[in-house]
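A.B. asks: Make a model of this:
(chains A, B and C)
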Amino acid sequence: MSSSQIPGGQPLLKVSGLKVYYHISQGVVKAVDDIDFTVNCGEFVGLSGESGCGKTTTAMTLLKILPREGVIEGGQALFNNRDILSLKKKEINAFRWQEISMVFQGAMNSLNPVHRVINQMINAILIHEKMPREKAKEIALELIESVGIERSRATAYPHELSGGMKQRLMIALALVLHPPLVIADEPTTALDVMIQAQILDLFKQLRQRTSLSLLIITHDLSVLAETCDKIIIMYAGKIVEEAPTEILFNEPAHPYTKKLISSFPSILADKEIDFIPGNPPDLIDPPAGCNFHPRCDYVIDRCRAESPPLVDEGGHRVACFRRNEI
Amino acid sequence: MALRDVLLKRIAQAIVTIFIVLGIDFVIFHILPGDPMTFLARNPNLTEVAQERLIEQFGLDKPLWEQFILFLGNFLSMRLGMSFHFREEVGPIIMHHLGNTLILVVPASIMAIVVGIWIGKNSAWRRGKAGDLFGLLFSLITYSIPTFWLGMFFIMLFAFGLGWFPATPGLTTPGMDFTGDPIGLIVDMISHLMLPWTVLIVAILGSFALITRNALLDVLSEDYMLTAKAKGRTEKDQLNKEAMPNAMIPITTVIALQLGFSVAGALQTEVVFSYPGIGNLIWEGVYYRDYPLLQAAFFMITVVVVFANLIADFIYFYLDPRIRVGAEFTIGDEKPPRPLSHYGFVVIAIVALLSTWAVIGITTILPLFILLLILKRKAVLVFLRNRLSTLTPSNLIYAWKNKRSQILVRFSVIALLVNLIALSIIAISGVFIPEWGLFWGAAFFGLREFPPIPASVEYPEWALTLASIAHPSVMQIIIVILTIGVLLGKRKSLGATSSRFIKTRMGTVGTAIVVMFAGMTLFGDIIAPYNPEAFFTGLWYQPPDVMPESQMLMLSVGAASLIGATLVWWILDRFKRPEIPRYFINILSGGLILFIAGIFGMQSLSVENTTTLIYSASIGVIACVIILKGLLSARKEFSLQQSWKIHLPRFLIALVGVIGVGFIVQGILQAPWVVSLDFPGYHLMGTDQLGRDVYSQLIIAVRITLLIGIVATGMSVVIGTLIGLIAGYYGGIIDSFLMRFTDIFFVIPSLLLMIIMAAVLGPSIVTLIIVIGLFSWSSTARIVRGQVLSIKERAYIERVRAVGGSNIYIIGKHVLAAVAPLVVANTILVTAWAILSEVVLDFFGLGDPAMISWGTMLYLAFNAGSMSNNLWWLVFPPGIMVVLLLLGVSMVGYAMDEIANPRLRRR
Amino acid sequence: MAEGILETRNLKKWFTVRAGFLASLVSKKSDSYIRAVDGVDLEIKQGEIFAIAGESGCGKTTIARLIMRLETLTDGEIWFEGEKISVLNESKFKEYRRRIQMIFQDPYGSLSNNMTIGEIVAEPLKIHNVYTSLSEVEERVLAALEDVGLRPAEEFATRIPHELSGGQRQRVAVAAALVLDPVLLIADEPVSMLDVSMRGQILQLLLELRKKKGITLVLITHNLAVARQMADRIAIAYLGRVVETGVTKDIIDNPSHPYTKALVSVVPVPETGVQRERLLLTGEIPSPIDIPTGCRFHTRCPFAKDKCSVEEPELKEMPDGRQVACHE
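C.D. replies: The predicted model follows:
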């Protein structure tokens, strides 16, 4: 299947100094502004942040499917020590879906409405590997069953299936070449809470059954709490905090993460209504120094001048000067 | 099975359409004024016996509805009546000619579809890059060339000029009998068919390319295309295997609807090549006013088009699994949230139907006006109270402080109400003559005096004073003030869209061409050296004289410096020289306009033409305003040393460009001086078969083309928007009724119907306007309905309805405002189509003989056999002017569509 | 009836499903129906925040649209302040429209971009014609903008919706609803399209409005956590009927209807190390065309008995005041 399976714990993907700007009529939007993170083999990593923080742009850069306006200004993305960003046209086509596959945000119409679902999966296989159509069909049917859909529904067209089923089929499609890394962009946002639970369960089963590593992108922290080993929080194109899930929820260090967690209502506890004052920053000319300083409760002069670096203390990385004082 | 249901529905609709076509056919030939069939009996070239048989066969002496049933019986059993001209049964003649037409149309259409889709596909995939621009330009140009002129051009070039193809008209060289060798026959036919095929393909290619491009742009922005790319598919596969199967669905629908369009192209090609098809038959039918022939030909062609449409529908259903397999369930047509009170329904039905005379006839608006007053008494009172209450002193002061344009709008609305009331009193008190509406319409456009006093009626004194209040030109002025007020109110958003529009390359070029033609219309009298109707006896077919040196020098220097300036400016852009500040461009363009206005002013002074003097003076004033605005904003940003060094090169080049334009304008205006007015005079573009100066005709003909184009478009857009709005918003039965009504007009080849209507009603401007206006509104209706359907679902419409806004309020305030940009863009595209139809109708000899127009010039040139005797100056100049005007208008329309149409908008 | 400001009795809304062209011609069989709202009884008290929660397709939004008369009623009655408003004709109902206002889910779509914020907030006054002069309109608009925290109001009044963030737009929608001084405000998923950090601002605003102006709020939401934080009482809806209603904290902390139990057990929580016994229902919500016979939840209910598939349970009063529709 995929090129080489690196034993668990080893870094599978290492992103460093990634910068992606959108050049549109109103100006240059600094969507992703110099971020670096790693995803190890078999690790489930959560990438969270509010709309416009650059999480989806990061994902699309890894597959080089940015829209025409998106330009990779700099940085590196080493995947099995091969830099994705410098792959040429032919290589990138072979790389896509075989090494990294993706479940898209609008999963509802990510399937081509005029092809049967089974054919879309078979095509995905046959693009990358030469094999008789029958064999590819068998692989596809097996996968469809593993995501909890009966074989008989495989020959249906997308418009005949419900939202939950389409989401499961998108996951099956993403797994069809058993890529080492799967990116799931807001996999459960458009689904009802019951189906959301079923999909999260499916991810947990995949974790036991395969050596898959998964990058889940969502604004919903409670979804990440159940499924991920470590969580990265982004704000206005920069990483503000990264920590193992336990530490992030119990001892959040960055003011933004603190406020984000306290703004999330919980069904179990009596939490006061909390929110972050002000409005999200304008990415065309972001505030000087630390992007979050206009909305932060603990702002000091230094925050307005310098942009705080991401400091790693025992696996808990935080980009805030007053990290230990608050 | 959903598919079976939908197919049955489509077949039923096709049958209904055919019956309605028969109805229209019957109306045209039996009821319309002039009642052609009745004087059938007195037609000289029919023998007594033949006339008896015809009257008996069509029961012309019986009451109308009996005639209709007989008519239906005859047509459905293919007994189509006797032809005046051929004095034989019409059926077999048509069948034979129809066969020839199919040989011409079917291969050409297939080829055009294939090539058109290929061009559209590539230009959509390379959106914005050179490939897209080239594809778009090619389609726009071919879309703007009238087919018959293309045919004449190809014949003169290939047949007579280079001799590649046989110059003899018809399907086979006459007099050669191919009984012996079939291959010879086929070779001969192919060589005859090559030229008409190419002409037809080039003519209909453009629209297919545009359709494909739009459909594909939609599909490429969908989510599943991102999946396709992420799956690692190559660019080619993404386009062909994932995008095209989806794009083919909308493409087949619109191509099916465009089939009527290719019939129009075929008609023109056959006439120019005198190819023995049904088009030629119709040309002769129109020429000899052979009504039974026209009646049957119209019916046969429409049946063929309806049948072709049906096939296209089946292909469409096969392609789209969502219909073939059918979704789980479709929610039934939900009644509009507030059920339509029956009053509302009556009012809307009348508005939709009577609006056909909206622009022309005041007489038909009156009953509607009165009915509205009675039905909606309370609402009208509330409306009036609102309007009047806003005029209280405190509100006026408030309005003066904040929104000055509001006052302008409020007063003009009140003035318009007074005008309308006075108009209705005049209409009712005067003699209620049906043509009154027509007179008012003609007076509105300055073609007749008002009030139309028929000889028999003496108008009382008070009626005359009232008439002066209700005079159409008074209404025109009020409407102009109203529009200025509204535009002033929306300055900010309009400013943004217009600046975006000008930035697009197509927008600028298109506007430049349209401004040129507008200038020609306004200043035609002082540009044209001669009076276009003046005969230079004894000077027929005079080839063009050589241009005198002084004028040649002036023009060439002007043109050279203009082209040089633009080239250098483009190069500067290439080297990323700093963008010139906005205020500078304002001052520059203001200066240019003032410069040209000055030249025209001086010219009209010397020629003592007061009207053009007033025009140039007013343009000069506008130019000064622009310059002042530029200077004012310049005072803030202008810092001498900094900008002078950087912008110096650009300033100089701009200056050179302006002077160049000045030279060109002066050169053109020099014609009357250089030309000696006495015989034989000097003819820049020679003379036509009556000895009239071609160049002067060319300049003056712009007016009638623009007038008919704009008025007919006004009428068709009003009808189309109203029907689109009502059908889109209310849905349910009204929607399906109005949409079936619109689809019929789509399916029927409108050009054919126009030719026959114009032939029956007799050639005159008003007929042209009505005919073009009546048959060009279906595209507007369809686009507006599509847009209204999507707007209706928007959350802000729900919110306003929740707050308590009535349906009429929501349509008027919100839906219309959201649809307006799209309607404007579509209006311009419809204007291009209306101008094309006017030129084609003139070419069929149906233009107003009293008026000079490009189409009539080409019609006379064609009849005078200019192709064979190579009278190129009679064929090329009018053709090029038509193509240039259409190209300019379609470019403007397309650039506007790119901004207004949400689907095409770029991030 | 006195303190009940809004009451619905046996509220029903059935959407007709278009039978095929042939079917309607040949067999004239009656169309089948989507029973979106299938007999709902609600009672909302003055000054209360009442939440209607459930998964998509349970009819909660349709209930709101029926009260606002954005949908025509199939059956049942709507009472408002002791008056049966579901039978009034349009002009009489218009007076009631002033007292009941609604804010919508999509902040980006619910404000027209052809108007300035000032005009949007002034529009309700113009529609209902409740002003003496234009300057009075301006005062009330600026006051409404101040109430929702868009300060300085003059500056916001001249701006266009697409210049504002999601949170600010939702505030404008609230201002437009408040300008007529309504008594009842229906909020259909007011925060579900906003970022989490912005949601608190709007929820806080709604709470202040209740305190300052005593407005009754009906909150439509699929998010039980938000409902728990905001609402005094709650109704859980499933496939067009209410299965459980009562005081929010009691219902969510120890639900009694099986569906509510399952729903509450699967909602993800922003904390780690929480051991919860999850009741994962299999399969999907049945299609609203052929709703299961008897109790509509019996096909997915882990505690279903044969009685459940026969008889549809009615809402029964429980000792602690809640109402549950279950044979258990």
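
A.B. asks: Is stretch B:724-740 positioned near chain C?
C.D. replies: No. Stretch B:724-740 does not reach chain C (C-beta under 8 Å from any C-beta of the partner chain); its nearest approach is 11.6 Å. (C-beta placed from N, C-alpha, C; glycine too.)

A.B. asks: Could you list the buried residues of that stretch?
C.D. replies: B:724-731, B:734-735, B:738-739 (16 or more other C-beta atoms under 10 Å in any protein chain shown).

A.B. asks: which bits of the stretch 751-900 of chain B sit near chain C?
C.D. replies: Residues of the stretch 751-900 of chain B lying close to chain C by C-beta under 8 Å from any C-beta are B:794-796, B:798-805, B:809, B:814, B:817-818.

A.B. asks: For the closest residue to chain A within the stretch 101-250 of chain B, which three-state class applies?
C.D. replies: In the stretch 101-250 of chain B, the residue that lies nearest chain A is B:Gly232 (3.7 Å; C-beta to the nearest C-beta). Look at B:Gly232: counting by DSSP: H, G, I helix; E, B strand; the rest coil, its state is coil.

A.B. asks: Now do the contacts for the nearest residue to it once chain neighbours are set aside.
C.D. replies: Using C-beta to C-beta, 6 or more residues apart in numbering or on different chains and skipping residues adjacent in sequence, the residue nearest B:Gly232 is A:Arg96, 3.7 Å away. The neighbours of A:Arg96, taking C-beta atoms under 8 Å, 6 or more residues apart in numbering or on different chains as the test, are A:63-65, B:229-232.

A.B. asks: And the pLDDT at residue 228?
C.D. replies: Let's take chain A. At A:Cys228, the pLDDT value in this model is 91.

A.B. asks: The intended chain is chain C.
C.D. replies: pLDDT at C:Arg228 comes out at 91.

A.B. asks: do B:Pro452 as well
C.D. replies: B:Pro452 is assigned 61 on the pLDDT scale.

A.B. asks: that older thread, now list the buried members of the residues of the stretch 751-900 of chain B next to chain C.
C.D. replies: Buried among those (16+ other C-beta under 10 Å): B:794-796, B:798-805, B:809, B:814, B:818.

A.B. asks: number of nearby residues for the residue of the stretch 1-150 of chain A found nearest chain C?
C.D. replies: Residue of the stretch 1-150 of chain A nearest chain C, by C-beta to the nearest C-beta: A:Glu50 (4.1 Å). Neighbour count of A:Glu50, defined by other C-beta atoms under 10 Å in any protein chain shown: 20.

A.B. asks: Now do the phi/psi pair for the residue nearest to it when sequence neighbours are not counted.
C.D. replies: Of all residues not flanking A:Glu50 in the chain, C:Asp195 sits nearest, at 4.1 Å (C-beta to C-beta, 6+ apart). Here is the backbone geometry of C:Asp195 (degrees, to the nearest 10): phi -70, psi 150.

A.B. asks: In contact with C:Asp195: list those residues for me.
C.D. replies: Going by C-beta under 8 Å, 6+ apart, C:Asp195 touches A:50-51, A:219, A:280, C:166-167.

A.B. asks: try 7 Å this time
C.D. replies: A:50-51, A:219 (C-beta atoms under 7 Å, 6 or more residues apart in numbering or on different chains).

A.B. asks: which one of those sits closest to chain B?
C.D. replies: Using C-beta to the nearest C-beta, the contacts of C:Asp195 come closest to chain B at A:Ser51, 16.3 Å.

A.B. asks: which one is the closest one nearest to, not counting chain neighbours?
C.D. replies: Excluding its sequence neighbours, the residue lying closest to A:Ser51 (C-beta to C-beta, 6+ apart) is C:Asp195, at 5.7 Å.

A.B. asks: Do you know the pLDDT at that neighbour?
C.D. replies: pLDDT, read off for C:Asp195, is 87.

A.B. asks: State the distance from it to A:Ile276.
C.D. replies: 9 Å (C-beta to C-beta, to the nearest Å).

A.B. asks: tally of neighbours for residue 69?
C.D. replies: Defaulting to chain A. Neighbour tally, A:Glu69, other C-beta under 10 Å: 15.

A.B. asks: not what I meant, chain C
C.D. replies: Neighbours around C:Arg69, by other C-beta under 10 Å: 22.

A.B. asks: same deal with C:Leu145?
C.D. replies: For C:Leu145, using other C-beta under 10 Å, the count is 26.

A.B. asks: Can you show me the strands along the stretch 51-200 of chain C?
C.D. replies: C:75-80, C:83-84, C:100-103, C:184-188 (DSSP state E, counting those that start in this stretch).

A.B. asks: what's in contact with stretch C:120-138?
C.D. replies: Residues outside stretch C:120-138 that contact it (C-beta under 7 Å, 6+ apart) are B:394-395, B:398-399, B:800, B:803-805, B:809, C:98, C:111-112, C:140-141, C:144-145, C:172, C:175-176, C:179-180.

A.B. asks: Quick check: mean pLDDT of it?
C.D. replies: 86.

A.B. asks: And it, what's buried?
C.D. replies: C:120-128, C:131, C:133-134, C:137-138.

A.B. asks: With stretch C:220-232 instead?
C.D. replies: Neighbour-count burial for stretch C:220-232, with 16+ other C-beta under 10 Å as criterion, is recorded at C:220-231.
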